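1. coordinates for the following, if possible.
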Amino acid sequence: MRRLLGVIFIIVGMLNAASPSYDPSALYQEVAQKIKDESINPVDEKRLMNRCLDGMVNSVDQNGRYLNEEEYETLYLSSKAVAGIGLFLMEKHNHIFVKSVVEHSPAQKVNLQKGDEIVQVDGILVRDLSVEEVVAQLRGAPNSKIKLSVLKSNSTKPIELQLTRKNVTIDLITPRMFEGDIAYIKISSFAQNALAEMLEDTQYLYDSQEHKVSGFILDLRDNPGGFFTSGIAITSLFLENDKLIINVKSRHKEEKKQYKNTPQDYDGSEYVQKIEALPFLKTVPLVILVNNDSSGSSEIVASVLQEYNRAVIIGTPTFGKDTFATLFPLSTNTSAVKFATARWSTPKGKSVWPSGVSPNIEVHQENEESDKPLAEALHFLQKK
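-> Next up, the predicted model:
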């Protein structure tokens, strides 16, 4: 055995000695040249480089992205008026699908629905493009026209649609009351002002019911996340003070941190009085609705409140994302990279990756006409 190991070490040593050092940039140039010279398909060298850089970031974070000049300008830097058509998108197996549609948007007016596949944008095939690349294509000047080729979820032949870009207003919070004094709030994303709007709309419902609220439904379906501090803030509304909410760690030891239910931990110091005016939130029977597209901060809220037995989760397992991403502008040109730099876990040290948050009561949404998860939530609370 020792002799065999010795032979293996000698062979490995010889192979290493025979492998000349190489210049990575020269290797890229050689591969790129071969592709340009021999590929049966036309080659756009700029796009080739973009995909190479995107693949580099994506190799360390499957949700990471390299944002080229056009994407970075459109998504983060543009001072010009930018309009869209009101779509949230998702990428699955190198195809781009509609994740959700904004109410009263150009997309809703032409009956685009969740699950529809975007095939072309203004004649450009979007297969193998990133979500960010497609979003950049969909955005443009207000009142400008855009043509889409769309494959409906129940069809095999794409249809052609023409839309007019508009300044789309997204309702961050949607409040309503149901029979039995059950309050309902849907959060579409955890924007920076999510806590402020949540408090305002909850106070409105509370006052309109003369402070009679017997149950609360928090709808986080199709919520892709957003600012993690907003997720912590919303979670804190339903927990007693000083409860641990999440643990966060990165590769830098000094950045390990615990976030508790204290206003300074989630930038909520200015809202203390408004929070104290809604004491019923700490004890009211609570149901949280989730689905496979509930991600990031949505999973913070659902997993932590479930772990404390503070909420019953109804729906389907969530996306399963336990990381926070950071955007890094690059100095070489006007572009940026975005990838995971920290990971969070529940108070008991549990991660939602890769399986997501498992509901206490699993209910699938069968069609657009009937909302079975919501019906189950109402039934559950009305029995209380």
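2. got the residue ranges for the strands in the stretch 1-150 of the chain?
-> Taking DSSP state E, counting those that start in this stretch as the test, the strands found in the stretch 1-150 of the chain are 65-67, 87-92, 95-101, 117-121, 124-125, 145-151.
3. okay if I get these as CSV plus mean neighbour count, mean pLDDT and distance to residue 299?
-> For the C-beta atoms, the positions are set from N, CA and C on the backbone; glycine is no exception. Converted to CSV, these look like this (neighbours: other C-beta atoms under 10 Å; pLDDT from 0 to 100; distance: least, C-beta to C-beta, whole Å):
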stretch, mean neighbour count, mean pLDDT, distance to residue 299
strand 65-67, 24, 89, 20
strand 87-92, 18, 87, 16
strand 95-101, 19, 90, 16
strand 117-121, 19, 96, 26
strand 124-125, 10, 90, 33
strand 145-151, 17, 96, 30
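4. can I get those in TSV with distance to residue 35?
-> Converted to TSV, the strands of the stretch 1-150 of the chain look like this (distance: least, C-beta to C-beta, whole Å):
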stretch	distance to residue 35
strand 65-67	19
strand 87-92	24
strand 95-101	24
strand 117-121	24
strand 124-125	19
strand 145-151	27
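5. and those: which comes nearest residue 135?
-> Judged by C-beta to C-beta, the one of the strands of the stretch 1-150 of the chain that comes nearest to residue 135 is strand 87-92, at 6.6 Å.
6. for the closest one, packing partners?
-> strand 95-101, helix 131-138 (3 or more C-beta pairs under 8 Å, 6 or more residues apart in numbering; DSSP states H and E).
7. can I get these in CSV including distance to residue 201?
-> Putting these into CSV (distance: least, C-beta to C-beta, whole Å) gives the following:
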stretch, distance to residue 201
strand 95-101, 20
helix 131-138, 28
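8. for the stretch 51-200 of the chain, which spans come out with low pLDDT?
-> Confidence mapping of the stretch 51-200 of the chain against pLDDT under 70 gives the ranges 78-82.
9. would you map the helices across it?
-> In the stretch 51-200 of the chain, the helices defined using DSSP state H, counting those that start in this stretch lie at 69-72, 106-109, 131-138, 194-208.
10. between those helices, which one is closest to residue 234.
-> Between residue 234 and the helices of the stretch 51-200 of the chain, the tightest spacing by C-beta to C-beta is seen for helix 194-208, at 6.0 Å.
11. returning to what we had before: closest one to residue 326 among the helices and strands packed on strand 87-92?
-> If you check each of the helices and strands packed on strand 87-92 against residue 326 by C-beta to C-beta, helix 131-138 wins as the nearest, at 15.5 Å.
12. name the surrounding residues that touch the closest one.
-> Taking contacts as C-beta atoms under 8 Å, 6 or more residues apart in numbering, the residues outside helix 131-138 that touch it are 65, 67, 70-71, 74-75, 84-85, 87, 89-91, 96, 118, 121-122, 124, 126, 129, 146.
13. now it: buried residues?
-> Counting neighbours by 16 or more other C-beta atoms under 10 Å, one finds that the buried residues in helix 131-138 are 131-138.
14. redo those as JSON lines? Include distance to residue 305.
-> Listed next are these as JSON lines, based on distance: C-beta to C-beta, whole Å:
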{"residue": "131", "distance to residue 305": "29"}
{"residue": "132", "distance to residue 305": "31"}
{"residue": "133", "distance to residue 305": "36"}
{"residue": "134", "distance to residue 305": "34"}
{"residue": "135", "distance to residue 305": "31"}
{"residue": "136", "distance to residue 305": "36"}
{"residue": "137", "distance to residue 305": "38"}
{"residue": "138", "distance to residue 305": "35"}
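15. out of these, who's nearest residue 337?
-> Looking across these and measuring by C-beta to C-beta, the closest to residue 337 is residue 132, at 11.4 Å.
16. and the helices in the stretch 201-350 of the chain?
-> According to DSSP H, counting those that start in this stretch, the stretch 201-350 of the chain carries its helices in the segments 228-236, 272-276, 297-307.
17. got the angle between the first one and helix 297-307?
-> Relative orientation of helix 228-236 and helix 297-307, computed by axes from the mean of the first three to the mean of the last three C-alpha atoms, to 10 degrees: 30 degrees.
18. pick out the residue nearest the middle of this structure.
-> Residue closest to the average C-alpha location in the chain (C-alpha atoms, centre = their mean): residue 224, at 3.1 Å.
19. just give me the neighbour total for the nearest residue to that residue once chain neighbours are set aside.
-> In this structure, residue 224 finds its nearest non-sequential neighbour in residue 295, 5.2 Å apart by C-beta to C-beta, 6 or more residues apart in numbering. A count of neighbours around residue 295, defined by other C-beta atoms under 10 Å, yields 22.
20. about what we covered before: can you list the helices of the stretch 51-200 of the chain in TSV and add distance to residue 369?
-> As requested, the helices of the stretch 51-200 of the chain are exported to TSV (distance: least, C-beta to C-beta, whole Å):
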stretch	distance to residue 369
helix 69-72	37
helix 106-109	16
helix 131-138	28
helix 194-208	26
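21. out of the ones you listed, nearest to residue 61?
-> The closest approach between residue 61 and any of those, judged by C-beta to C-beta, belongs to helix 131-138 at 13.7 Å.
22. just give me the neighbour total for residue 195.
-> The number of residues near residue 195, taken as other C-beta under 10 Å, comes to 27.
23. try residue 271
-> 18.
24. one more: the one 4 residues further on?
-> Here the number of neighbours of residue 275 (other C-beta under 10 Å) works out to 19.
25. do the same with the one 3 residues further on
-> The burial count assigned to residue 278 is 18, neighbours taken as other C-beta under 10 Å.
26. and this structure, what are its domains?
-> Structural domains annotated on the chain: 80-164, 173-320+355-382, as defined by automatic domain parsing.
27. just the terminal-to-terminal distance for the last one.
-> Domain 173-320+355-382 has an end-to-end distance of 23 Å (C-alpha to C-alpha, to the nearest Å).
28. any idea how far it is from the middle of the chain?
-> With C-alpha atoms, centre = their mean, to the nearest Å as the basis, the distance from the averaged C-alpha position of domain 173-320+355-382 to the chain average is 16 Å.
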